[in-house]
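> mind looking at a prediction? Sequence and model below.
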Amino acid sequence: MESSITEHDLHKSFRSPPRRRRSTFFERRDSLVPQPLSENVDLNLCIKATDNKEKHNQDLLRYYNKLLDEKEQWKKEVKNRRNKYHDLKQQYQIAAKAPNRSRLSYSALSNDDIEFLKAKVGISKLVDSQLKLHKSIKQTYALFRRATELDDIILSNSEDKVKKITEHILDNSTLEPDV
């Protein structure tokens, strides 16, 4: 009977895989690369490396904080502008619906905006005078360019006449030129 049990165990072992052992992958092993000896390690290099890492981490943290501050500032600015735009839009809709076309209220505007709107009449005059000045400068430049062209034409024409007169005098003179 003992032999039959062992045969049975043998047949059983062929049918099922052997029991798994615990993995040895995570066990500590000696590395193939030689470990640095404590006498070969330069402590100054280690200290410099850690100092550089700390400085780098501090710089990154400072930059991150600056970016966060800037992000918060942009959020506030967008919110302020959105609120101002919304108020102006509501005022415009109210004024557009009003039958007497009443003026917009200045409650949503800052003092600078109000001063700008009040001075708007002067701006149109300023723009007109700027356009006139620009047009007169262009005309003056065109006249100056044409004057220099005419000056060149008159100068070359005068030189041609002087040259013809000089040639005529030399051709018709009785005195021989000194050569």
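Sure thing, it's come through.
> show me the domain layout of the protein.
42-118, 119-170 (automatic domain parsing).
> tell me, how many residues neighbour Asp113?
13 (other C-beta atoms under 10 Å). In this view, the C-beta of every residue, glycine as well, is placed from N, C-alpha and C.
> does Leu150 count as helix, strand or coil?
helix (DSSP: H, G, I helix; E, B strand; the rest coil).
> tell me where the protein is predicted with low confidence.
Low-confidence segments of the chain (pLDDT under 70): 1-43, 95-96, 98-108, 117-124, 175-179.
> quick check: longest helix of it.
Secondary structure of the chain per DSSP state H: the longest helix is helix 43-97.
> and the angle for the helix or strand just after that one with helix 43-97?
Going down the chain from helix 43-97, the next helix or strand is helix 111-118, by DSSP states H and E. Orientation note: helix 111-118 sits at an angle of 40 degrees relative to helix 43-97 (axes from the mean of the first three to the mean of the last three C-alpha atoms, to 10 degrees).
> dump helix 111-118 to PDB, restricted to CA.
Only the C-alpha atoms of helix 111-118 are listed here, as PDB (Å, rounded to 0.1, in the frame of the first residue of the first chain):
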ATOM      1  CA  ASN A 111     -13.000 109.000 -11.300                       C
ATOM      2  CA  ASP A 112     -10.500 108.700 -14.200                       C
ATOM      3  CA  ASP A 113     -13.100 107.200 -16.500                       C
ATOM      4  CA  ILE A 114     -15.600 109.900 -15.600                       C
ATOM      5  CA  GLU A 115     -13.000 112.600 -16.300                       C
ATOM      6  CA  PHE A 116     -12.200 110.900 -19.600                       C
ATOM      7  CA  LEU A 117     -15.800 110.800 -20.600                       C
ATOM      8  CA  LYS A 118     -16.400 114.500 -19.700                       C
END
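> tell me the helices and strands packed up against it.
The contact analysis (3 or more C-beta pairs under 8 Å, 6 or more residues apart in numbering; DSSP states H and E) places helix 111-118 against no helix or strand.
> and the gap between Lys135 and Glu149?
Lys135 sits 21 Å away from Glu149 when distances are taken as C-beta to C-beta, to the nearest Å.
> no wait, Leu61
For Leu61, the distance to Glu149 - C-beta to C-beta - is 69 Å.
> before we move on, what about Asp128?
Counting by C-beta to C-beta - Asp128 and Glu149 are separated by 32 Å.
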